[in-house]
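*Asks:* could you work out the structure for the sequence below:
(one chain, ligands or ions: 2)
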Amino acid sequence: MIKTDRVSLEAQLKQIEHIEQTPYISIVQKINPIDPLNLFAHFAHLKGERFYWSNAAGDLTFVGLGTFKELYTDSSDDRFLAIQDQLNQLKESINVLHDFDVEGVGPVFFGGFSFFDTPHRKEWESFPENNFVLAKQMLTVKQGEYFLTHHIEVSPNDSIEVLLNQIEQETEAIYEAGLFVQETRKLEEVQDQLSFDQWSSMIAHAIEEIQTTNLEKVVLAREVEAVFDRTIPTEDLLYALTNQQQHSYVFVMEQGEEAFIGASPERLVSVTNQVMYSACLAGTTSRGETMDVDDLLAWRLLNDEKNLEEHRYVVNMIREAVQPICTHLDIPNEPQIYPLKNIQHLYTPVQGQLKPEVTLFDTLKKLHPTPALGGEPRQDAMNFIKMHEPIERGWYAAPIGWFDQSLNGEFAVAIRSGLIAGNRIKLFAGCGVVADSDAKAEYDETNLKLTPMLDALGGNRDDDYGE
Ligand SMILES: C=C(O[C@@H]1C=C(C(=O)O)C=C[C@H]1O)C(=O)O
Ligand SMILES: [Mg+2]
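*Replies:* Ligands and ions are numbered 1, 2, ... in the order given. The predicted model follows:
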């Protein structure tokens, strides 16, 4: 089995001879299948410099190994466009040598933003307000085809032979990835950072604001911390999430000793050649144990005025946000059900054709945060969250995803997520509070939303969490 495609690589590398000033090259080979999770686990020595992404459709997966370049800007109102500017600068120095016409190969940047554009407290220290990584090596699995991208700094004296050998060695190391074995852990405790009474008074306060001010909806979150008897390996949790959570974006970003990980059902936006997709996801119930009960719960959700109201704010805001930047927009009038393993949501898909000058980053700026994560009106909701929610959101509920040099890419909203630090993981879950909200029902809803991560950790306690 030939593992390195020397012929294709050599043809790509020959181009360097014709290019002056080539500090960085991006070179791609099509490779034989390799399991992305095994690969991620095998490179445990690169902990802190790995990322993983798999889209909800299940037809695009990335594994990033090692940091080649980073995009980062100080927080500012225009942090989305600031990242776009940084990309445009860096782009100048990268020579893309491959000519595969495949989405997600070559220079792909993976990363995310924090929920607020202001600096956050120390538990999120390793995750700045915005950070994107170009990996040294990246596996792309696109519709069953496998590609390996290498980013290399070259100097004028490098011979093609030397570069070829380097790539060959890197490729061999990739194929050494064996089958990875999950560890077992014991859950020692789950600490709730808010008592139910504190939660109830926060919700009561929000309802009062909704009744007496402009505020119409606000999404409030809580945090629980699960403590284990040993370190939680990122790959263990990644493996479990991948196997347990279908129709979700599974993501991991490691930074230093920490890892931010989750399985989110919610797309914020994707752009491919100006075709834009977004999603309205708000309104929640559990799954039934039998088909009949499940159907009944779905039917009730589709007809429940409180959940429909939560949902409507999202649809209206997204429509208003993207209408001016689209030449065509398609948003159905009625929501449908988005079923997940433990949860079902109200869901309205959004599709649009972006005007030629509009970029992925323009859409991010318009959309984040939607009223599914912030509230309505946006600024009132953000103020309320800042003042009254006693957690640090960090990257929770914020855009996470990827983009390429042509500004195609996709972002999910980083919910159903957690921050791993050693043997501890902080988990986050929120819910949309409207005038008709009930504190106990909202509390139960957040427990339901904690279930996927707790299950994946092997730490769900039936007595306290979930249904
Ligand atoms: C905020 C979260 O979820 C959001 C809130 C929902 C709701 O309140 O019904 C539903 C889906 C998400 O948009 C979360 O999971 O933490
Ligand atoms: Mg809700």
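*Asks:* what parts of the protein come near ligand 2?
*Replies:* The chain comes close to ligand 2 at residues 284, 431-432, as judged by C-beta under 5 Å from the ion. Quick note: C-beta positions are derived from backbone N, CA and C, even for glycine.
*Asks:* how about those in a markdown table, adding neighbour count and pLDDT?
*Replies:* A markdown table is the format used below for the residues of the chain next to ligand 2 (neighbours: other C-beta atoms under 10 Å; pLDDT from 0 to 100):
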| residue | neighbour count | pLDDT |
| --- | --- | --- |
| 284 | 24 | 98 |
| 431 | 22 | 98 |
| 432 | 27 | 98 |
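*Asks:* nearest to residue 320 among those residues?
*Replies:* The shortest approach to residue 320 among the residues of the chain next to ligand 2 belongs to residue 432, at 17.8 Å (C-beta to C-beta).
*Asks:* what pairs with the closest one across the strands?
*Replies:* Applying DSSP bridges to residue 432 gives these bridge partners: residue 219.
*Asks:* burial of the closest residue in space to residue 392 that isn't next to it in sequence, as a residue count?
*Replies:* Distances taken as C-beta to C-beta, 6 or more residues apart in numbering put residue 121 closest to residue 392, at 4.6 Å, once the chain neighbours are dropped. Residue 121: 9 surrounding residues under other C-beta atoms under 10 Å.
*Asks:* what about residue 121, distance to ligand 2?
*Replies:* Residue 121 sits at a distance of 26 Å from ligand 2 (criterion: C-beta to the ion, to the nearest Å).
*Asks:* quick one: residue 308 is in a helix?
*Replies:* Yes. Residue state for residue 308 (DSSP: H, G, I helix; E, B strand; the rest coil) corresponds to a helix.
*Asks:* mind checking how far the residue nearest to residue 392 is from residue 212?
*Replies:* 30 Å (C-beta to C-beta, to the nearest Å).
*Asks:* and if you look at residue 276?
*Replies:* 37 Å.
*Asks:* ligand 1 contacts on the stretch 251-400 of the chain?
*Replies:* 266, 281-284, 310, 345, 372-373, 397 (C-beta under 6 Å from any ligand atom).
*Asks:* residue contacts, residue 182?
*Replies:* 236, 239-240 (C-beta atoms under 8 Å, 6 or more residues apart in numbering).
*Asks:* which of these sits closest to ligand 2?
*Replies:* residue 240 (25.2 Å; C-beta to the ion).
*Asks:* neighbours around that closest one, how many?
*Replies:* With other C-beta under 10 Å as criterion, residue 240 counts 18.
*Asks:* pretty sure it is in a strand, no?
*Replies:* No. Counting by three-state DSSP, residue 240 is not found in a strand; it is helix.
*Asks:* looking at the residue nearest to it when sequence neighbours are not counted now. What's its pLDDT?
*Replies:* Leaving out its chain neighbours, the residue that sits closest to residue 240 by C-beta to C-beta, 6+ apart is residue 456, at 3.8 Å. The model reports residue 456 with a pLDDT of 94.
*Asks:* surely residue 456 is in contact with residue 250?
*Replies:* No. Residue 456 lies out of contact with residue 250 (C-beta atoms under 8 Å); the separation is 10.0 Å.
*Asks:* which residues do the two both contact?
*Replies:* Residues touching both residue 456 and residue 250 by C-beta under 8 Å, 6+ apart: 241, 263.
*Asks:* does residue 38 sit in a helix, a strand or a coil?
*Replies:* helix.
*Asks:* I meant to write residue 387 there.
*Replies:* helix.
*Asks:* hang on, residue 199 in a helix?
*Replies:* Yes. With three-state DSSP as the criterion, residue 199 is part of a helix.
*Asks:* residues near it, how many?
*Replies:* 19.
*Asks:* same deal with residue 267?
*Replies:* Neighbours of residue 267 (other C-beta under 10 Å): 22.
*Asks:* pLDDT value on it, please?
*Replies:* At residue 267, pLDDT is 98.
*Asks:* and the residue in the stretch 51-200 of the chain positioned nearest to ligand 1, what element?
*Replies:* Nearest to ligand 1 in the stretch 51-200 of the chain, going by C-beta to the nearest ligand atom, is residue 115, at a distance of 10.6 Å. Residue 115 is part of no helix or strand, with elements assigned from DSSP states H and E.
*Asks:* the residue nearest to the spatial centre of the chain bridge partners, please.
*Replies:* Nearest to the mean C-alpha position of the chain, by C-alpha atoms, centre = their mean, lies residue 400 at 3.6 Å. Residue 400 has these beta-bridge partners by DSSP bridges: residue 112, residue 412.
*Asks:* so it touches residue 410, yeah?
*Replies:* No. Assessed by C-beta under 8 Å, residue 400 is found out of contact with residue 410, at 9.9 Å.
*Asks:* quick one: residues contacting residue 64.
*Replies:* So residue 64 contacts 50-52, 110, 133, 135, 137-138 (C-beta under 8 Å, 6+ apart).
*Asks:* tell me the SS of residue 396?
*Replies:* coil.
*Asks:* ok, back up a step: against ligand 1, how distant is the residue nearest to the centre of the chain?
*Replies:* 13 Å (C-beta to the nearest ligand atom, to the nearest Å).
*Asks:* give the contact list for that residue.
*Replies:* Residue 400 touches 111-113, 249, 251, 253, 260, 264, 411-414, counting by C-beta under 8 Å, 6+ apart.
*Asks:* now tabulate these in JSON lines and tack on pLDDT and neighbour count.
*Replies:* Shown next, in JSON lines, are the contacts of residue 400 (pLDDT from 0 to 100; neighbours: other C-beta atoms under 10 Å):
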{"residue": "111", "pLDDT": "98", "neighbour count": "25"}
{"residue": "112", "pLDDT": "97", "neighbour count": "25"}
{"residue": "113", "pLDDT": "96", "neighbour count": "25"}
{"residue": "249", "pLDDT": "98", "neighbour count": "26"}
{"residue": "251", "pLDDT": "98", "neighbour count": "27"}
{"residue": "253", "pLDDT": "98", "neighbour count": "26"}
{"residue": "260", "pLDDT": "98", "neighbour count": "25"}
{"residue": "264", "pLDDT": "98", "neighbour count": "22"}
{"residue": "411", "pLDDT": "98", "neighbour count": "26"}
{"residue": "412", "pLDDT": "98", "neighbour count": "29"}
{"residue": "413", "pLDDT": "98", "neighbour count": "29"}
{"residue": "414", "pLDDT": "98", "neighbour count": "30"}
